[in-house]
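Enquirer: Provided below are the primary sequence and the corresponding predicted coordinates.
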Amino acid sequence: MELPEAILFDLDGVLLDTEPLLANAWSETAKEYDYYLSNDKLLELKGRRRRDCAKKVHKWINKDNSIEELLVIQKLKVDKELTKAKPFKGAIDLIKFCIKENLPIALVTSSSKESFKIKSSLNPWLNLFEIKILGDDKFISAGKPSPDPYLRALKILNVDPNKTWVIEDSYAGSVSGLKAECNLLFFSKDIEILNKLINEFNQDKIQKVNELSEIIYYLKLFKGF
């Protein structure tokens, strides 16, 4: 990888440590229907838009109740969980570093406008992003793992995808970024998913990172600091 023209950030599981909170909300929602969500199923939900998750859960529980009812139940649980959301170590420093160095950035998240409002009210630093591609963006026909969200960000920033970094933690989000022909910084300890991505895509476009501070190090290295 070379010095990027832009960096595109996922939100949940990359900047905010919310994935366990979201998983718990879906688990508790499924329990209302006497259904247990396995870890494998929770992994399938990771990185996807809320309604897309609801469609999967609704199919799994196989009840006559509507998806809308399921969403109402889940919202009550997730809103409570999100009050606990905290940033990952190095998240704020990385964003501020990019802004200081005039490196274009954008937030590309499956979170809806309403969900982002809750998260940013508790973490106002998220409003440092001038460009935010949200899950209910009217210009996006399909959410992650479709490349649409990242293609939308690339179009707005007018940058070359092959010179753009995407920071993701989920399989769905990673596939979205790679299908948009971006380079992936995989911020996760899930080696199984990493190997799956390497087998499916060009290994040269994938780099694993353990800490967000590593990305500042890479940027400084490329800039010759």
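Expert: Received the coordinates, thanks.
Enquirer: would you map out the domains in the chain?
Expert: Segmentation of the chain into domains, based on automatic domain parsing, reads 6-17+85-223, 19-82.
Enquirer: between the two ends of the longest one, how far is it?
Expert: Distance across domain 6-17+85-223, first residue to last, is 14 Å (C-alpha to C-alpha, to the nearest Å).
Enquirer: flag the shaky bits of the protein, pLDDT-wise.
Expert: Counting by pLDDT under 70, the chain has low-confidence residues at 224-225.
Enquirer: most remote residue from the middle of it, which is it?
Expert: Using C-alpha atoms, centre = their mean, the residue of the chain lying farthest from its centre is residue 64. It sits 30.9 Å away.
Enquirer: state the phi and psi torsions of the nearest residue to residue 104 once chain neighbours are set aside.
Expert: By the measure of C-beta to C-beta, 6 or more residues apart in numbering, the closest residue to residue 104 outside its immediate chain neighbours is residue 6, 4.1 Å from it. (C-beta placed from N, C-alpha, C; glycine too.) As for residue 6, its main-chain torsions (degrees, to the nearest 10) stand at phi -160, psi 160.
Enquirer: wait, residue 116 sits on residue 109?
Expert: Yes: under the contact definition of C-beta atoms under 8 Å, residue 116 touches residue 109, with a separation of 6.8 Å.
Enquirer: which neighbours do the two have in common?
Expert: With contacts defined as C-beta atoms under 8 Å, 6 or more residues apart in numbering, the residues adjacent to both residue 116 and residue 109 are 11, 132, 134.
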